[in-house]
Structure formats: structure tokens, C-alpha cells
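Participant: build me a structure from this.
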Amino acid sequence: MQPATQTYTRLHFDDYLTGGAHKLAYLDWGLLRGDLAPLIAHHYNKPKALKPKRQLTKPYHDPQLLQSYNTLCQQLINKSVIALEFPGGFYRSTLRLLLDDGNSVIATRRLDASRSRYEALVLQRLARHSAPIPQLYAYNGVVMLQEDLVGQRLSDVLFNASEAEYLQWIDAALNALNQVHLYADYEQLHASTPIIGCEHEWLISLIDRTAVLGHYFNLPCPTVPVQALYHQLQLLHPRFVKWDARPGNAILHNGQVSWFDWEHCGARMPCDDMVWLLCDETVPDYPEAENCLIDTWLDNFAGNVPNQIAYEYLRAFGVHHSCVRLTRILDDKGGQSWAEYEERLGLKQGRLARMAKRLCVRAARWAEQNPLTKPLQSWLLELADLVDK
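Facilitator: Residues are numbered from 1 along each chain as shown. The predicted model follows:
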């Protein structure tokens, strides 16, 4: 069957990463300095910030940009900048500043300044406990200067990892996340950060991803008990979570993992961080090792709910999160072939198709572990056969 791409102009719903709380960027996150929880209930009436229509094309050679960051670093950390690097691409909000003393720092300027203020304040609170996060060197209200973590991105080392390597490195990543959760509990960050992914529209959109994929591939998804699934995914015992805990946001160094990019952190189910990590498309599929990690760590990430409830939540959320990751890939691919898409991104041929298929196969296995999602298992395996065509 061929994808009916004309059915949906957008497959991925944009509010997923923000947990449906993108408008929280407009709050006064200065409240995070104290112990009072910010009042967020009445702040949903402001529009999204718009991305600028004009973008720099070759900022490597932009002397004004270099001079701007040079002046900034001289003022904030008494260092001079001699060159710029863009590890995430030209249009990302983060760049590497190469300093005159041979060191480097990471400069981050978010689309909305209050988002970077929020991130800086969270980093300050976690830094009190030497959490596995980058050190915040300076923040002037707009730009953050952070430690340039040395090592390899976890996503890069995991992609072709052996089962033993997968087990070792994912275990280290979960250990680091667990440390952050413990320090955040001590700081009571769940009481002063927004609850994410709790709105009715967001949860319905999450559950609807299977239907979206079914229409896209002309392969309608089976009927599931939507109301029961909705209540299961609505399970909220909010604790602090990184939320965007993808391997691409982690650095592996000497067997230890540190997590960066805290713009989207908030309060939700701790299990969510396990899902973001285990169900990412860059993570290889080793079922036995994966089950071992879940058995080892679930109690730490259960969020004060019984383990069986947490387990079923984990599996249900993992299935739908995998569908979100797949729709994001397909949405970005658009009408291009896999080869054309990979060439555009400068990736090795076959890599993205392999990722997409892996998402379906893993989601099918996870679906079998929860009675509410079990009807989706065979459908997801059929999807796996179609997705790389």
C-alpha cells in the first residue's frame, strides 16, 4: 500500500514537545527563585512566538555575530571569542564559542527570552547538588553561557551499539536521570514548574496518532478502548521530569552520562523520561536487555504509584510516543523518497528508514504488554512492513 500523503498536511502535532504548554513561556519564571509555585492557570491567552522569516545562511563568516558574542563573553566571563561553531545546525538556538584560552563554552539563546530564563533557573537549582548537567557559567537575561560537555552524544554511540554496550550506556543514562529526579524532589521543583501533558486536547491528540498513521498508510488502526486508555495516560502524580530525554540530549564521557537542553522540563510522570529514552528512534532494539533495564529502574521512575500501574502506563505511553516519533519523521520527509530525504540531511542511505521501521517493531512489542494497547500489536507490525517502502 502507498501512503496517502494528501490526507494530512501535518502528521505531527506541534504541541507534543512542549506538553501542550507552549504559552507558559510567557510567565514570570522569576518565581522559581523562591519557594512559591507560579500561578499558571490563567496564562493561556497569549499567542505563540513566531519564528523570524529571515534567517542567516552562513553565520560562520558573519563578523557582526562573532563580535556580538565576543563582547558578551568579555562582559560575562572575561574571555574573548575567536570563532563560532554550530553543532546543531545554523538555525538552532545553541552554538559553541571557541575562546582565546583554548577552551570553549556553549551559548544558548532561546526564541523567547523567558524560556532561557526558566532554563537557567532550573539549572541553578539542580547545580546545588552537582547534578549530571552542564555547569551554568553566566546568564544575562537573554543568553546563557554553559559548560561545553566533552564526549559523544549518546544517540551517536547507541545507533550501532552491541547489546552489552546498549545495556551499559542506557543504564548510565537512566542512573543520571534518576539522580536529577532525586535532586529535583529535594528542591521541590515539581511545585514550581508547569505540569505538562495534562490538557484534554493534548491527550486526545496523543491517542489520535495511531488513527493519523492509519489514514496516512491506508491501513486503519484497530479499535481500542479509548476512554480507558485516556484515563490511563492521564495518570498524573506530577514530579519533575526532563521530558525531552532523548539520547541526542545526552553526552557520554568515561562511562558517565550528562544531560543538557532543559528548556522543556516540567512536572509529569517520571516514567515519561524512561519512555523518551528507551523509545527513541536512534536506540537499537534489544528486547531482553530492555526488559532488564525496565525491571531494574521502574521502581525509581514509578512516581509513588504501584509498580503494576506504572508498568502499564509506561507501555501505553511508549506505544503512543513511538507513533509521535514516527509521524515526526514522516512529516519532515514529506513527499520525498527515503533516499532523497537522507541525502537532504546528509545521512547514510538507509538509516532513517531503518529508524522508522524500528519504531514500529518496538511499539508492537510494547503494545503487547498492556491489555489496552494489545489490539495494536499486529497493526504496528503491518505498519513496519509499509513504512520503509
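Participant: so the spatially closest residue to Leu99 that is not a sequence neighbour, which of the three states?
Facilitator: Using CB to CB, 6 or more residues apart in numbering and skipping the chain neighbours, the partner closest in space to Leu99 is Lys79 (4.7 Å). All C-beta atoms are positioned from the backbone trio N, CA, C, and that covers glycine. The three-state label given to Lys79 by DSSP: H, G, I helix; E, B strand; the rest coil is coil.
Participant: and for Lys79, the neighbour number?
Facilitator: Neighbours of Lys79 under the rule other CB atoms under 10 Å: 18.
Participant: residues contacting it?
Facilitator: Residues in contact with Lys79 (CB atoms under 8 Å, 6 or more residues apart in numbering) are Cys73, Leu99, Asp100, Asp101, Asn103, Val105.
Participant: three-state assignment of the fourth one?
Facilitator: Meaning Asp101. coil.
Participant: how about it, phi and psi?
Facilitator: phi -90, psi 10 (degrees, to the nearest 10).
Participant: equivalent analysis for Met144, please.
Facilitator: phi -100, psi 140.
Participant: if we can go back for a sec, show me which of the contacts of Lys79 are buried.
Facilitator: Neighbour counting with 16 or more other CB atoms under 10 Å marks Cys73, Leu99, Val105 as buried within the contacts of Lys79.
Participant: re the thing from before, now the contacts of Lys79 in a markdown table, with pLDDT?
Facilitator: Output for the contacts of Lys79, formatted as a markdown table (pLDDT from 0 to 100):
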| residue | pLDDT |
| --- | --- |
| Cys73 | 95 |
| Leu99 | 95 |
| Asp100 | 94 |
| Asp101 | 93 |
| Asn103 | 94 |
| Val105 | 96 |
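Participant: so which elements touch the host helix or strand of Leu203?
Facilitator: When elements are assigned from DSSP states H and E, Leu203 belongs to helix 200-207. Under the contact criterion of 3 or more CB pairs under 8 Å, 6 or more residues apart in numbering; DSSP states H and E, helix 200-207 touches helix 226-233, helix 307-333.
Participant: what comes up buried for whatever helix or strand comes next after that helix?
Facilitator: Counting by DSSP H and E, the next helix or strand C-terminal to helix 200-207 is helix 209-216. Residues of helix 209-216 classed as buried by neighbour count (16+ other CB under 10 Å): Arg209, Thr210, Val212, Leu213, Gly214, His215, Tyr216.
Participant: next: stretch 247-260.
Facilitator: Residues Pro247, Gly248, Asn249, Ala250, Ile251, Leu252, Val257, Ser258, Trp259, Phe260 are the ones in stretch 247-260 that count as buried (16+ other CB under 10 Å).
Participant: now, these that are in strands?
Facilitator: Among the buried residues of stretch 247-260, the subset assigned to strands under DSSP state E consists of Ala250, Ile251, Leu252, Val257, Ser258, Trp259.
Participant: what's across from the last one in the sheet?
Facilitator: It stands for Trp259. For Trp259, the beta-bridge partners under DSSP bridges are Ala250.
Participant: shouldn't it be in contact with Gly248?
Facilitator: No. The pair Trp259 and Gly248 does not pass the contact test of CB atoms under 8 Å, sitting 10.8 Å apart.
Participant: off-centre distance for stretch 371-389?
Facilitator: 23 Å (CA atoms, centre = their mean, to the nearest Å).
Participant: just to revisit the earlier point, pick the most buried one from the helices and strands packed on helix 200-207.
Facilitator: Highest mean neighbour count among the helices and strands packed on helix 200-207 (mean count of other CB atoms under 10 Å): helix 307-333, with a mean of 21.
Participant: quick one, that helix and helix 226-233 angle?
Facilitator: With axes from the mean of the first three to the mean of the last three CA atoms, to 10 degrees as the basis, helix 307-333 and helix 226-233 are set at 100 degrees to each other.
Participant: all strands of the stretch 1-150 of the chain, in order?
Facilitator: Using DSSP state E, counting those that start in this stretch, the strands of the stretch 1-150 of the chain run over residues 81-85, 94-99, 104-108, 136-139, 144-147.
Participant: save those strands as a markdown table, and put in distance to Gly334 too.
Facilitator: Shown next, in a markdown table, are the strands of the stretch 1-150 of the chain (distance: least, CB to CB, whole Å):
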| stretch | distance to Gly334 |
| --- | --- |
| strand 81-85 | 29 |
| strand 94-99 | 26 |
| strand 104-108 | 29 |
| strand 136-139 | 38 |
| strand 144-147 | 33 |
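Participant: wait, which of these is closest to Ser155?
Facilitator: Across the strands of the stretch 1-150 of the chain, the minimum distance to Ser155, taken as CB to CB, is reached by strand 94-99, at 15.7 Å.
Participant: neighbouring strands for the closest one, and are they parallel or not?
Facilitator: Partners of strand 94-99, by DSSP bridges, with direction: strand 81-85 (antiparallel), strand 104-108 (antiparallel).
Participant: columns distance to Pro63 on top of the ones you listed, output as JSON lines?
Facilitator: Formatted as JSON lines, the strands paired with strand 94-99 follow (distance: least, CB to CB, whole Å):
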{"stretch": "strand 81-85", "distance to Pro63": "11"}
{"stretch": "strand 104-108", "distance to Pro63": "17"}
